[in-house]
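Trainee: Using only what follows, build the 3D model:
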Amino acid sequence: MSLSQALNRSGAPLALDQVLGGTALTRIAFVASTAPQAEEGLQRLVTRYGNVPLQEAQVVVALGGDGFMLETMHSVLGRAIPVYGMNCGSVGFLMNGFIEEALPEQLALAQGAVLHPLRMHTVTQTGAVEEALALNEVSLLRQLRQTAKIRISVDGRVRLPELICDGILISTPAGSTAYNLSAHGPIVPLSANLLPLTPISAFRPRRWHGALLPSSADVLFEVLDVEKRPVAAVADSFEVRRVVSVAVIEERSISVTVLFDPDHGLSERILTEQFTA
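Mentor: You can find the predicted model right below:
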C-alpha cells in the first residue's frame, strides 16, 4: 500500500515507517537545485547514503527551496513515492531543516500530507487546447497594459458576468499561503475541502474580494475582448498565452505525498501562518 492510500484510508497522519511495515528504508533518491548549498549537501548525502533512480526509490529527498520542491512534486505526481524536502533556499514553507546524521531514521518518523492538484484546461485564440496540473494555483494574468475582462462561471452558472482586473487565481489549500496570500486571498486549512478564488488588483467590481469554492467546483473563466485585452493562463510554472477560456477542476484521481517532520506538518504550518503578523 502506498503512503497516500494509507493516509486517505486512515484519515490521520501516519509516519512513513508505519506504512513501510517494518521494511528498512534503504532506497533514497536525492535530487537538488542548482544552488551551491543544495549541490554541496547533495554530494555529502550521496556519499553517505548512496543514490537510487527515482523509479526505484522508497522516498525522494529534495534539496533546495520551495520552487525546486514544487518541481520535484510535479515529477512524482501520480506515483507512489513520497517527497521529503530539505531547505537549502530562502522561504522553505514546504521544506524541513537540513540534516545529515541519521537521515533514514528521521525519514521513517516523517508524517505525510496528501495533496491533489488542479487540472487546467485551456483553449487559445487559435483553437489550440492545452492542459496542465497545478499544485499551488492556476492564475489568469493580463498580458499587456490593458486590464483583463473575465467572466466567471461555477458549475455551469455565471457567477460574475464581468471582472475587470489584472488577473484572477484559484488555489489549492496547500497553495493558499503562496501567491493567493500575496493577493490578499484567505489561507485555507488542508481539511477544509475549499478552493480560494482570489482577484488580482480588481478594478470592477471594486469591492469584490473573491470567494471560497467547494473542492468539487467546476470553474470556467472566459476572457472577454480577447484581441484588445489578451490574457495568459499559468498552472504553477506552465504558461499558455492568449487564452479564450480556462476550465479548472480539482483532480482527485492524482496525488502526491509530502513528508514533514513530526509536529511540524503542513496542516500545522498553514494554521501557524494565519497567526503570523
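Trainee: Can you tell me which residue sits nearest the middle of this structure?
Mentor: Nearest to the mean C-alpha position of the chain, counting by CA atoms, centre = their mean, stands L135 at 2.4 Å.
Trainee: Make sure that residue is actually in contact with M73.
Mentor: Yes. Between L135 and M73 there is a contact under CB atoms under 8 Å: 5.6 Å. C-betas here are computed from N, CA, C, even on glycine.
Trainee: Common neighbours of these two, please.
Mentor: Residues touching both L135 and M73 by CB atoms under 8 Å, 6 or more residues apart in numbering: 115, 256.
Trainee: quick one, what contacts the residue nearest to the centre of the chain?
Mentor: For L135, the contact set (CB under 8 Å, 6+ apart) comprises 70, 73-74, 77, 115, 117-118, 172, 174-175, 236, 256.
Trainee: one more time with 6 Å
Mentor: Contact analysis of L135 by CB atoms under 6 Å, 6 or more residues apart in numbering lists 73, 117.
Trainee: Tell me how far it lies from A178.
Mentor: As for L135, its distance to A178 is 10 Å (criterion: CB to CB, to the nearest Å).
Trainee: again, but for L115
Mentor: The value you get for L115 to A178, if CB to CB is used, is 13 Å.
Trainee: So which bits of stretch 225-234 are buried?
Mentor: 226, 229-234 (16 or more other CB atoms under 10 Å).
Trainee: and G167, what is it in contact with?
Mentor: With CB under 6 Å, 6+ apart, G167 has these contacts: 139-141, 200.
Trainee: Those residues in strands, which ones?
Mentor: Of the positions in the contacts of G167, 139-141, 200 sit in strands, assigned by DSSP state E.
Trainee: didn't F30 look like it was pressed against Y49?
Mentor: No. Between F30 and Y49 there is no contact under CB atoms under 6 Å: 7.7 Å.
Trainee: who has more neighbours, these two?
Mentor: Legend: neighbour count by other CB atoms under 10 Å for F30 and Y49, higher for F30 (20 against 17).
Trainee: Look up phi and psi at that one.
Mentor: F30 adopts backbone torsions of phi -100, psi 130, taken as degrees, to the nearest 10.
Trainee: Can you name the residues that contact it?
Mentor: 42, 45-46, 51, 61.
Trainee: One more: V219?
Mentor: For V219, the contact set (CB under 6 Å, 6+ apart) comprises 154, 170, 248.
Trainee: Ramachandran angles for it?
Mentor: According to degrees, to the nearest 10, V219 has phi -110, psi 130.
Trainee: Name the SS class of the residue lying closest to it once chain neighbours are set aside, please.
Mentor: Sequence neighbours aside, V248 is the residue nearest to V219 in space, at 4.6 Å (criterion: CB to CB, 6 or more residues apart in numbering). V248 carries the three-state label strand when classified by DSSP: H, G, I helix; E, B strand; the rest coil.
Trainee: hang on, isn't V248 packed against L118?
Mentor: Yes. Taking contacts as CB under 6 Å, V248 lies within contact range of L118: 5.5 Å.
Trainee: joint contacts of the two?
Mentor: In contact with both V248 and L118: V138, using CB under 6 Å, 6+ apart.
Trainee: before we move on, the earlier item: TSV please, covering the ones in strands among the contacts of G167 and showing neighbour count.
Mentor: Output for the ones in strands among the contacts of G167, formatted as TSV (neighbours: other CB atoms under 10 Å):
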residue	neighbour count
S139	24
L140	26
L141	17
I200	22
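Trainee: just the strands in the stretch 151-277 of the chain please.
Mentor: 157-165, 167-171, 194-200, 211-214, 219-224, 231-235, 238-240, 243-250, 256-260 (DSSP state E, counting those that start in this stretch).
Trainee: which one of those has the most crowded surroundings?
Mentor: Counting by mean count of other CB atoms under 10 Å, strand 167-171 has the highest mean neighbour count of the strands of the stretch 151-277 of the chain, with a mean of 27.
Trainee: Right, I'll call it a day here.
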